[in-house]
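Asks: A structural model of the following input is requested.
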Amino acid sequence: MVLTVKNHILRTLLLGATSALASACAPQAKPPPPKPAVTVVDLHATAVSLTTELPGRVSAFRIAEVRPQVNGVVLKRLFKEGDLVGAGRQLYQIDPAPYQASLASAQASLARARASVVAAKLTVERYKVLADAHAVSRQDYDNAVATLGQDEADVGSGEAAVRTAQINLAYTKVYSPISGRTGRSSVTEGALVTANQSTTLVTVTQLDPVYVDVTEPSATIVRLKRELAAGQIRNAGANQAPAKLLLEDGSHYDSPGTLQFSEVTVDESTGSVTLRAIFPNAADLLLPGMFVRATIEEGVREGAILAPQQGITHAPDGSATALVVGPDNRVVKRTVQLDRALGDQWVVTHGLAPGDRLIVSGLQAAKPGTLVTLRDATPNSTTTAAALVARTGH
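Replies: A predicted model of the protein is given here:
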């Protein structure tokens, strides 16, 4: 009896140990993984100035290549090289003596012709009375009238000769046709110059204002015209769009300019169109031939979406995608189309809409369809866009 009780107790202990061991070896249910945390930016529509930075060259507003218009010896040079001269200022004096003599001769010939006209008129008046009285032949009267006409023509020719001589004498004083800065003089006192020679005496260049000529691909101009026609962007001003300059040393030029016009033909070798802007240059900082980069405002895109660049991913084929958080806090992948970069943001034309929550941090763990939690949001794109517009001055 005692042995039976002991066996029963032993079986009970063995069964309890087996149950405990089985419970310890049974698999435990794993807790659900934590939701990945992401940072989002709320997107808003805003008006964005569309600008393009293009390489260009500075060219002078006006250039006058001064050449002599009469032959002669240069007696004086009346300016210093590099001087700022006004329009109408005398630059050179050519020996006027031969032209003074020519003028005197032409004036004497004119006086003789006028005296002949006086005599011819008196003859015609006398012959008219005599012809009416049949005292002279009609032929003599007609000859007197013809002589008067010839003498009057001689007066006209003499007046023209005097005027020509006066012009040639005036040409001995060489004036600047424009206001500007003089270059190097190619002649000194005593040099013999000839009328309309190929070599210039000096070049006068007007440097305030100056032109900046830039080139833009024709495809870009076609796209802009289509967007303007469709109302996707608003014109910044017909042929008066604002422009800014970046100098060769990377510094910004203080004075803004305006776009004047664009060529009506495309350069066949480059497929580009030349645009011309005008800039003030009171300090003569911009010199012809200088390389610059011009930023030209093409238009204003209304209702544009600005997305931080860290929220846009580019595939090897060039396509762009973005991850947004849907209303149920699940990640949604979007294919987007980009226009251009403005500072640290992209201008998005398709794929994103106002109110979307764009993921800008935690992209590695945010897979499409995944439930996520939101961290503290960074300043929204409207604030960032306003700061960017303030920085660019548009």
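
Asks: what's the neighbour count on residue 110?
Replies: By other CB atoms under 10 Å, 20 other residues sit near residue 110. C-beta: built from backbone N, CA, C; applies to glycine.

Asks: Could you find the closest non-adjacent residue to it?
Replies: Counting by CB to CB, 6 or more residues apart in numbering, residue 158 is the residue found nearest to residue 110 once chain neighbours are left out, at 3.3 Å.

Asks: That neighbour: what secondary structure?
Replies: With DSSP: H, G, I helix; E, B strand; the rest coil as the basis, residue 158 sits in helix.

Asks: Tell me how far it lies from residue 86.
Replies: Distance, residue 158 to residue 86, by CB to CB, to the nearest Å: 37 Å.

Asks: which of these two has more neighbours?
Replies: More crowded of residue 158 and residue 86, by other CB under 10 Å: residue 158, with 19 against 9.

Asks: Tell me who's in contact with the residue nearest to residue 110.
Replies: Under the criterion of CB atoms under 8 Å, 6 or more residues apart in numbering, the neighbours of residue 158 are 106, 109, 110, 111, 112, 113, 114.

Asks: can we see that at 6 Å?
Replies: By CB atoms under 6 Å, 6 or more residues apart in numbering, the contact set of residue 158 is 109, 110, 113.

Asks: So for it, what pLDDT did the model give?
Replies: On pLDDT, residue 158 comes in at 92.

Asks: Same question for residue 239.
Replies: Listed pLDDT for residue 239 reads 51.

Asks: got it, and residue 311?
Replies: 87.

Asks: Check residue 152 too.
Replies: 90.

Asks: now the helices for the stretch 251-394 of the chain?
Replies: 381-392 (DSSP state H, counting those that start in this stretch).

Asks: Tell me, please, where in it the pLDDT is lower than the cut-off.
Replies: Residue ranges of the stretch 251-394 of the chain with pLDDT under 70: 376-394.

Asks: which strand of the chain spans the most residues?
Replies: The residue-count maximum for a strand in the chain (DSSP state E) belongs to strand 45-66.

Asks: TSV for the contacts of residue 158, including distance to residue 226 and pLDDT?
Replies: Below are the contacts of residue 158 laid out as TSV (distance: CB to CB, whole Å; pLDDT from 0 to 100):
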residue	distance to residue 226	pLDDT
109	71	93
110	69	93
113	72	91
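
Asks: Residue 328: which of these is nearest?
Replies: Minimum separation from residue 328 among these (CB to CB) is found for residue 110, which lies at 104.5 Å.

Asks: Please look at that closest one and residue 164 and confirm they touch.
Replies: No - contact criterion CB atoms under 6 Å: residue 110 and residue 164 do not qualify, at 11.6 Å.

Asks: Where do the strands of the stretch 51-200 of the chain begin and end?
Replies: Taking DSSP state E, counting those that start in this stretch to define them, one finds strands in the stretch 51-200 of the chain at 72-77, 84-85, 90-94, 173-175, 180-182, 192-193.

Asks: Residue 258: which of the ones you listed is closest?
Replies: Residue 258 lies closest to strand 180-182 among the strands of the stretch 51-200 of the chain, at 21.5 Å (CB to CB).

Asks: Give me the sheet partners of the closest one and which way each runs.
Replies: Strand pairing for strand 180-182, determined by DSSP bridges: strand 84-85 (antiparallel), strand 202-217 (antiparallel).

Asks: Other residues contacting the last one?
Replies: This means strand 202-217. For strand 202-217, contacts defined as CB under 6 Å, 6+ apart pick out 54, 56-66, 176, 178, 180-183, 185, 272-282, 284, 286, 294.

Asks: now swap in stretch 341-358 and tell me
Replies: So stretch 341-358 is contacted by 40-45, 48, 304-309, 311-312, 322, 324-325, 334-340, 388 (CB under 6 Å, 6+ apart).

Asks: Could you do stretch 108-127 as well?
Replies: With contacts defined as CB under 6 Å, 6+ apart, stretch 108-127 is touched by 136, 141, 144-145, 147-148, 151-152, 154-155, 158-159, 162.

Asks: Cross the contacts of residue 158 against helices and list the overlap.
Replies: The members of the contacts of residue 158 that map onto helices under DSSP state H are 109, 110, 113.

Asks: from those, which is closest to residue 373?
Replies: Distances from residue 373 to the ones in helices among the contacts of residue 158, taken as CB to CB, are shortest for residue 110 (105.2 Å).
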